[in-house]
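Asker: fold the following, please.
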Amino acid sequence: MYLAGIGATGFHNSGVALIEVSRDRGPRIICNNEEERFSGKKHSTDFPRLSLSALRTTMERIGIGPEHIAAWLGTWDYAALAATVFRTALEEFPASLSLLRARETPILNARNLDPATRGPRHLGHAIGLPAPVPIIGMRHHDNHAWFSFCVSPFAHSEPPVMISVLDGTGDLGAISLYVAEAGAMRLLRCNHSVFDSLGTYYGVISSTQGGWTWLSSEGRYMGAAAYGNCDRQTNAYYGELRNILSLQPEGQIYLNRALANWQCDLFDKPYTPELTRILGASIATKDMWNPDAVLRVEDIHHKEDTQERLDKAAATQMVFEDALIHVIDFLIRQTGSDRLVLTGGTALNAIANMRLLEHFNEAYYERVLEKRTRLHIWVPPVPNDAGVTLGAPYMFAQLAGARIGSPMDHTFYCGLPPTVAEIRSALDGAPDIAWMSLGHISSSEGRDAIADLMAFITARDGVIAIFQGAAETGPRALGHRSIVANPCNPRTREVLNERVKYREAIRPLAPMMTLEAAKRWFDLSDGASDDNYNAYNYMVLTARAKPDARERIPAVIHADGTGRLQIVREHTDPLTYAYLKALGRRIGVEVAVNTSFNVAGPIAQTAAQAIETLRRSKGMDAVMMFAEEGAVFALWHSQAADARNERRFSNWLGEWRAETGAVTLAL
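Answerer: As a prediction, the model looks like this:
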């Protein structure tokens, strides 16, 4: 049968997912359409009309109609959420009255809230039915937990598996801890608090000190932390800031109301005078800017990265790590388990995930549990709210008696692959973009030739984008919507941040690599080795670089000596894998810089969006588009727009043809 998940309530990351379920084989993902990709509005809170339109196209392709969907599952338990909001307001009454004001924010647009009485009607209209379609509300943290566990390498494990869900908040609380045994999951604890939240703590401090809006601030602040003083003994802010979270027995965490004020006034007055003394004044919401919603790249102006600001970021990160370790320590002692699935929005903190592996090592288990083992971790590629649209139907399927399905090994589930007709239609509407047909990748020979051409360009410090297949679901581009570049050139990060992506200087670049290269250049943790190091497939876990890596691949080594890895597998992405193997022959390392194919907005989903991204990115040399039928197109800035790019690409293609004798790729 078919089950659909829908996030349509006005909360961030709305979208729709479809899975196929059988009792014997379990769930199989068909798609997870994120509304932001189709609308161009990052972290969209809108009803997912465009995602539903794309879903209808997918359903037509596989030969099913709306009547084949057995149930539509919502990503929140709306009744529980309403009760939690009411209780939270009463806890801090009357100061909390400001929390009830309708306003538009990146995390919640109260004006877009779509109560259950209207959501079914909107859904019925969107999928072409004459009547409302019932939506079954599923508990938010349970959705996170079930999906993340079921697609993990630990899902078929006999011993107990821990699942932690930590985010801004769920419909009952902000911290939920579970244990799964023999395919059954039970809740160990929920903290039943919206504001005793690690996600809210990090979101508030990163936005009010970094100056970016919520959901755009957290990742940037994590990147900035590496440039700050990461020594707990000498960081000027850590000693006092650590008191903002009270770490109590049995893994409990409480927000210190003597320092924080966001439980009373989240957006206008989040600091007490004492917290202002420690960190300085908070940046007002009206003075923040959304780096993911910039109409013109000329309008991008970054704040100066002073050492003081960087040290505050480092202190914020260290306080978060302390609290996370505190929670997981309790969970391990309570269950005796050495398998952890980490999910919820905070699980995107790749540095903290690495710290868990380093802290809960063999010595810890020997000392605390007298066991000869160590912690093993897995983080899904969509631990944030883009994943709960999958979580709701996964949970429903399990409760209905389906078997646990196959582990996840790729993320290419957002939308459909571009067709030749779609690409040519987009090109017809872009007279300012030069393009040519480059052949076909339907054969392994054709694929290897194109991969070698891309490696040839990369070896000459060219910057190209890969646009192929269905897009990735989740916040990371992993080879289907990626910008790739030379990892060996120390100036690559500067070029990409300044001329291609227009990003802050503190933003790191991630390496994509083969497994052999990952083992050669990084110290991969044994705690991430399950299913052939699957945990390193999705850029949700960092690893420490080996001593000679900074000299050999400096562009992908961050200031703290780590890299946020993506291991590419041949069976899931043969084109990108062939490209990396070609790089090994061309530059001596099977490694590429990988950053998402976007400029100040969501990752490009459609061919038209890809062309618009090329227009905005003046330093990009070419976009390589791969149609579903196998046809390959190269796009670049026309001569009128940027003669340098046209000459570079044409010259490289001519040189490559002369070297390889590949006459099939004709100008």
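Asker: contacts, neighbours, all on C-alpha from now
Answerer: Fine.
Asker: what about stretch 408-419, start to end distance?
Answerer: Stretch 408-419 has an end-to-end distance of 26 Å (criterion: C-alpha to C-alpha, to the nearest Å).
Asker: so for it, mean pLDDT?
Answerer: Mean pLDDT, stretch 408-419: 97.
Asker: what comes into contact with it?
Answerer: Contacting residues not belonging to stretch 408-419 are listed as 29-34, 54-55, 58, 151-153, 381, 468-474, 478, 480, 534, 537, 572, 605-607, 626-629 [C-alpha atoms under 8 Å, 6 or more residues apart in numbering].
Asker: buried only: go through those residues for me.
Answerer: For the contacts of stretch 408-419, a burial check counting by 16 or more other C-alpha atoms under 10 Å picks out 29-34, 54-55, 58, 151-153, 381, 468-474, 478, 480, 534, 537, 605-607, 626-628.
Asker: settle this for me: Asn489 is touching Ile557, isn't it.
Answerer: No: counting by C-alpha atoms under 8 Å, Asn489 sits too far from Ile557 to count as a contact (11.6 Å).
Asker: the spatially most central residue of the chain sits in which helix or strand?
Answerer: Nearest residue to the geometric centre of the chain (C-alpha atoms, centre = their mean): Pro475, 2.5 Å. Using DSSP states H and E, Pro475 sits within no helix or strand.
Asker: give me phi/psi at it?
Answerer: Reported as degrees, to the nearest 10, the phi and psi values for Pro475 are phi -80, psi -10.
Asker: what residues are up against the closest residue to it other than its chain neighbours?
Answerer: Spatial nearest neighbour of Pro475, excluding adjacent residues (C-alpha to C-alpha, 6 or more residues apart in numbering): Val382 at 7.2 Å. Contacts for Val382 (C-alpha under 8 Å, 6+ apart) come out as 473-475.
Asker: before we move on, the earlier item: with neighbour numbers in mind, choose between Asn489 and Ile557.
Answerer: Remark: of Asn489 and Ile557, Ile557 carries more neighbours, 26 against 17, as counted by other C-alpha atoms under 10 Å.
Asker: can you report how many residues lie near Leu241?
Answerer: Neighbour tally, Leu241, other C-alpha under 10 Å: 18.
Asker: ok, now Gln334?
Answerer: By other C-alpha under 10 Å, neighbour count at Gln334 equals 14.
Asker: now the helices for the stretch 101-250 of the chain?
Answerer: Remark: helices assigned in the stretch 101-250 of the chain by DSSP state H, counting those that start in this stretch are 119-126, 140-150, 198-210, 218-225, 238-241.
Asker: any chance of the ones you listed in a markdown table, plus distance to Gln263 and mean pLDDT?
Answerer: Listed next are the helices of the stretch 101-250 of the chain as a markdown table, based on distance: least, C-alpha to C-alpha, whole Å; pLDDT from 0 to 100:
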| stretch | distance to Gln263 | mean pLDDT |
| --- | --- | --- |
| helix 119-126 | 29 | 91 |
| helix 140-150 | 21 | 98 |
| helix 198-210 | 10 | 96 |
| helix 218-225 | 19 | 93 |
| helix 238-241 | 17 | 98 |
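Asker: so which of those helices gets nearest Trp636?
Answerer: Closest to Trp636 of the helices of the stretch 101-250 of the chain is helix 218-225 (C-alpha to C-alpha; 29.4 Å).
Asker: which other helices and strands does that closest one contact?
Answerer: helix 198-210, helix 307-335 (3 or more C-alpha pairs under 8 Å, 6 or more residues apart in numbering; DSSP states H and E).
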